[in-house]
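Trainee: Structure for the following, please:
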Amino acid sequence: MKTFLKKAGITLGIVFILLNVILGIQAYRFSHYYDDVKKTHFAEMSFFEKLNTLVLGEILAKEKVVDSLHVPHTNLTLTTPDGIRLACWNLQHPATEKPRGTVLMFHGHGSSRSGIIPDATYFYNLGWNVFMTDARAHGESSGNTCTIGYKEALDVKTVYDYIAGKTQQPIVLFGVSMGAATITKALHDYPEIKPYKLILESPFGKMIEAAEGKMRSMKLPEEPLSGLLLFWGSVETGCWLFSNKPEEYVKSIQCPVLLQWGRDDDRIARKEIDAIFKHIPVTQKQLVVYDDCGHESICRNNFPKWSSAVSTFLQ
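Mentor: Predicted coordinates for the structure are as follows:
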């Protein structure tokens, strides 16, 4: 019996070590993006390539930025205090048209400013100047490490400071998924950021819940994998990601908020959205839920309802 228990203990120990090695590698892959990496769809991979991806993760490529904007804009690069170069598009109305203000836009994890072009175009056509930014390690911005909103909060501050230094008009912050979560952390960390209004789409409630959402989307057990994944991500990025909690950060908000979410979202649960909405302390807040919409662009998926909600909120 003792021999059996000893062998079982050794086996379990080996399995535990292998599991942590695999999750450590997966966490590193998930939080790092690179230039000039060939993107291959999983279905097109060979058997051994698929096995390698499942076990060791996929080397992620920065999304290519495609400029399909059909409104006047210029390229601009800003540098954060920690030396990250942020690639931006500046969509400016002529001063004679008296723009209503500026919307600062922040995309989701793994995306780039190209992914929010339809949203930006609509804001521009509503009479707003628009400033679109690739987050660090995304698109054409520098860096390779993504902290899912933790260090990206400094990107938001850098962009806000730049625009606030050039205009006295209202500044609206708009973020999708990671971009929305990043905005909440920026407002918590930097109280000098004082936006006119906020539009937050599909932010996660807590980073551990975002990890659980990733496990759900991959059809894997949430526990203990999500906790281990987040632990190794924290070790590798130098940030205690367990402390990244937008549902707590929103308590710092002092302006009107439009919170939006798709009912079919398999990454962000309704309880996360409800917790965020509950903790927003202002009375001028609105939650809009979209049927038949998942963790995707709400603007693209249901433009009539999205544009109505956004235009009404920005009146």
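Trainee: contacts, neighbours, all on C-alpha from now
Mentor: Fine.
Trainee: for the protein, what helix or strand is lowest in average pLDDT?
Mentor: Counting by mean pLDDT, DSSP states H and E, the chain has its least confident helix or strand at helix 47-56, which shows a mean of 70.
Trainee: All the strands of the chain, residue numbers only.
Mentor: For the chain, the strands defined by DSSP state E cover 33-34, 60-61, 74-79, 85-91, 102-106, 129-133, 171-176, 197-201, 257-262, 285-290.
Trainee: next one: the last one to chain centre, how far?
Mentor: Between the centre of strand 285-290 and the centre of its chain there are 19 Å (Cα atoms, centre = their mean, to the nearest Å).
Trainee: could the strands of the chain be laid out in JSON lines, adding distance to A27 and mean neighbour count?
Mentor: Shown next, in JSON lines, are the strands of the chain (distance: least, Cα to Cα, whole Å; neighbours: other Cα atoms under 10 Å):
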{"stretch": "strand 33-34", "distance to A27": "12", "mean neighbour count": "20"}
{"stretch": "strand 60-61", "distance to A27": "12", "mean neighbour count": "19"}
{"stretch": "strand 74-79", "distance to A27": "27", "mean neighbour count": "13"}
{"stretch": "strand 85-91", "distance to A27": "24", "mean neighbour count": "21"}
{"stretch": "strand 102-106", "distance to A27": "23", "mean neighbour count": "26"}
{"stretch": "strand 129-133", "distance to A27": "25", "mean neighbour count": "25"}
{"stretch": "strand 171-176", "distance to A27": "22", "mean neighbour count": "23"}
{"stretch": "strand 197-201", "distance to A27": "25", "mean neighbour count": "24"}
{"stretch": "strand 257-262", "distance to A27": "26", "mean neighbour count": "23"}
{"stretch": "strand 285-290", "distance to A27": "31", "mean neighbour count": "16"}
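Trainee: which one of those strands has the lowest average pLDDT?
Mentor: The stretch with the lowest mean pLDDT among the strands of the chain is strand 60-61, at a mean of 81.
Trainee: Would you give the sheet partners of it, along with the direction of each?
Mentor: Looking at strand 60-61 with DSSP bridges, its partner strands are strand 33-34 (parallel).
Trainee: contacting residues around the strand it pairs with?
Mentor: Contacts of strand 33-34 with the rest of the structure, by Cα atoms under 8 Å, 6 or more residues apart in numbering, involve 59-62, 137-138, 144-146.
Trainee: which intervals of the protein have sub-threshold pLDDT?
Mentor: Low-confidence segments of the chain, defined by pLDDT under 70: 1, 38-43, 50, 53-57, 218.
Trainee: now the helices for the stretch 101-250 of the chain?
Mentor: 117-125, 153-164, 178-189, 207-217, 225-237, 246-249 (DSSP state H, counting those that start in this stretch).
Trainee: right, so the ones you listed: which one is the most enclosed?
Mentor: Mean neighbours per residue, mean count of other Cα atoms under 10 Å, is largest over the helices of the stretch 101-250 of the chain for helix 178-189, with a mean of 25.
Trainee: Contacts for it next, please.
Mentor: 106-109, 148-150, 152-154, 156-157, 173-175, 193-194, 199-204, 244, 246, 249-253.
Trainee: what's the answer for stretch 150-160, then?
Mentor: By Cα under 8 Å, 6+ apart, stretch 150-160 touches 78-81, 86, 104, 135-136, 146, 182-183, 185-186, 189-190, 193, 239, 241, 244.
Trainee: can you give me how far it is from the chain middle?
Mentor: So, by Cα atoms, centre = their mean, the centroid of stretch 150-160 is 12 Å from its chain's centroid.
Trainee: Stretch 220-236 too?
Mentor: Chain-centre distance of stretch 220-236: 18 Å, with Cα atoms, centre = their mean.
Trainee: Please put the alpha-carbon coordinates of that stretch into PDB.
Mentor: Once non-C-alpha atoms are left out, stretch 220-236 reads as follows in PDB (Å, rounded to 0.1, in the frame of the first residue of the first chain):
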ATOM      1  CA  LEU A 220     -11.300  23.800 -20.900                       C
ATOM      2  CA  PRO A 221     -12.100  23.600 -17.200                       C
ATOM      3  CA  GLU A 222     -12.000  27.000 -15.500                       C
ATOM      4  CA  GLU A 223     -10.400  25.600 -12.300                       C
ATOM      5  CA  PRO A 224      -7.600  25.300 -11.500                       C
ATOM      6  CA  LEU A 225      -6.400  26.300 -14.900                       C
ATOM      7  CA  SER A 226      -7.400  29.900 -14.900                       C
ATOM      8  CA  GLY A 227      -5.700  30.600 -11.500                       C
ATOM      9  CA  LEU A 228      -2.500  28.900 -12.600                       C
ATOM     10  CA  LEU A 229      -2.500  30.700 -16.000                       C
ATOM     11  CA  LEU A 230      -2.900  34.100 -14.200                       C
ATOM     12  CA  PHE A 231      -0.200  33.300 -11.700                       C
ATOM     13  CA  TRP A 232       2.300  32.500 -14.400                       C
ATOM     14  CA  GLY A 233       1.200  35.500 -16.400                       C
ATOM     15  CA  SER A 234       1.900  37.600 -13.300                       C
ATOM     16  CA  VAL A 235       5.300  36.200 -12.800                       C
ATOM     17  CA  GLU A 236       6.300  36.700 -16.500                       C
END
